[in-house]
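Enquirer: return a 3D structure for these sequence lines:
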Amino acid sequence: MLSSPLDRTSPIPLYFQIARQLEDAISRGELAPGTRLDNEIELSERLAVSRPTMRKAIERLVNQGLVVRRRGIGTVVVPKAVKRPMALSSLYEDLAHAGRRPRTEILAVTTRAANPDVAAALSLPEGEPTLYLERLRYADDAPLAVMHNYLPSGLVELDGDMLRSQGLYQILRARGIQPQVATQTIAARAATNHEARLLEAGRSTPMLTMTRTAFDATGRAIEYGNHAYLADRYSIEVTLVAR
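Expert: Okay, here's the model as predicted:
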């Protein structure tokens with residue numbers, strides 16, 4: 001597992017040496033996403049180090065988002081985290097631009113009555129029909145996000161084939177509907193049972209959530225989205241400018 005022996009005479013702590021070599025193996029692809037590491041007892045015996053030393057090395061990898069501990073499975077190498085710029089773009093576009101392979105599983109394309117939150121976001125009467133989309137988005141064949149979107153009824157015609165091959169904003173722009181500005185809220189919570197099942201994650205796994213309402217140039221609300229991302233695979237980058 002380690003490319004070179006530990007230097008037990010070095011001032012560099014053993015846990016740090018182990019962690020760095022495991023980091024390098026993950027970076028090179030020798031430990032691919034989904035690889036399960038042996039448990040701490042087996043690793044400590046194999047490397048002839050104490051269990052606290054091995055535990056500290058693994059904790060470093062967890063804190064860097066390179067591995068995750070899953071109950072009943074163990075310590076698993078996770079896919080490289082997606083860093084998404086703060087821009088008015090779709091997740092599908094961002095993944096493609098980052099060289100990640102986006103894939104979409106369509107869970108629902110149907111008509112749904114607007115609940116109070118959806119009605120307020122889209123400036124519609126409560127109970128008004130909307131086009132409802134539910135999708136499971138993958139990055140490099142690993143589940144990343146559960147996405148719920150609502151569009152005003154009659155705005156655009158969509159089907160599963162379109163949504164598998166393109167991002168929602170790409171489809172809208174191709175039909176002359178230009179997302180121009182959006183309001184967005186970022187939050188965090190534990191995964192629901194439904195999300196945990198779809199994302200192949202443990203119950204109460206940390207999730208990053210994004211709620212967004214997009215408007216066209218006339219100020220018309222064209223889309224309301226509520227998405228949940230695995231927090232260990234997703235982050236948002238923001239550029240700040242001094243006033």
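Enquirer: and the average pLDDT for the helix or strand that contains Val146 is what?
Expert: Taking DSSP states H and E as the definition, Val146 sits inside strand 142-152. Throughout strand 142-152, pLDDT has a mean value of 93.
Enquirer: just checking: what are the partner strands of it?
Expert: Looking at strand 142-152 with DSSP bridges, its partner strands are strand 129-139 (antiparallel), strand 221-230 (antiparallel).
Enquirer: same question for the longest helix anywhere in the chain: list its buried residues.
Expert: Longest helix of the chain, by residue count under DSSP state H: helix 14-28. The neighbour-count check on helix 14-28 (16 or more other C-beta atoms under 10 Å) flags Leu14, Tyr15, Gln17, Ile18, Ala19, Gln21, Leu22, Glu23, Ala25, Ile26 as buried. Using the backbone N, CA and C atoms, a C-beta is placed for each residue, glycine as well.
Enquirer: also stretch 188-208?
Expert: Ala191, Glu195, Ala196, Leu198, Leu199, Ala201, Thr205, Met207, Leu208.
Enquirer: returning to what we had before: what's the first helix or strand after the longest helix of the chain?
Expert: Assigned by DSSP H and E, the successor of helix 14-28 is strand 36-37.
Enquirer: now the end-to-end length of stretch 24-34.
Expert: For stretch 24-34, the first-to-last residue distance is 16 Å (C-alpha to C-alpha, to the nearest Å).
Enquirer: now it: mean pLDDT?
Expert: pLDDT averaged over stretch 24-34 gives 80.
Enquirer: what does stretch 125-134 give?
Expert: 96.
Enquirer: in that stretch, what's buried?
Expert: Applying a neighbour-count criterion of 16+ other C-beta under 10 Å, one finds Thr130, Leu131, Tyr132, Leu133, Glu134 buried in stretch 125-134.
Enquirer: picking up where we left off before, turn the buried residues of stretch 188-208 into a markdown table, columns for pLDDT.
Expert: Below are the buried residues of stretch 188-208 laid out as a markdown table (pLDDT from 0 to 100):
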| residue | pLDDT |
| --- | --- |
| Ala191 | 93 |
| Glu195 | 94 |
| Ala196 | 92 |
| Leu198 | 94 |
| Leu199 | 92 |
| Ala201 | 87 |
| Thr205 | 89 |
| Met207 | 92 |
| Leu208 | 89 |
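Enquirer: beta-bridge partners for Ala187, please?
Expert: Assigned bridge partners for Ala187, using DSSP bridges, are Thr209.
Enquirer: which pLDDT value does the model give it?
Expert: For Ala187, the predicted pLDDT is 92.
Enquirer: Asp117 sits in which helix or strand?
Expert: helix 116-122.
Enquirer: and that helix, what does it pack onto?
Expert: Counting contacts by 3 or more C-beta pairs under 8 Å, 6 or more residues apart in numbering; DSSP states H and E, helix 116-122 packs against strand 142-152, strand 221-230.
Enquirer: of all these, which one comes closest to Ala187?
Expert: strand 221-230 (9.8 Å; C-beta to C-beta).
Enquirer: give me the mean pLDDT for that closest one.
Expert: Strand 221-230 shows a mean pLDDT of 94.
Enquirer: pull the CA atoms of that strand into CSV?
Expert: Extracted in CSV, the C-alpha atoms of strand 221-230 (Å, rounded to 0.1, in the frame of the first residue of the first chain):
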residue,chain,number,x,y,z
ALA,A,221,-39.3,33.7,-12.5
ILE,A,222,-38.4,30.8,-14.8
GLU,A,223,-37.2,28.1,-12.4
TYR,A,224,-37.1,27.2,-8.7
GLY,A,225,-34.6,24.5,-7.6
ASN,A,226,-33.9,22.7,-4.4
HIS,A,227,-30.8,20.6,-4.5
ALA,A,228,-29.0,18.4,-2.0
TYR,A,229,-25.3,17.5,-2.4
LEU,A,230,-23.0,15.1,-0.6
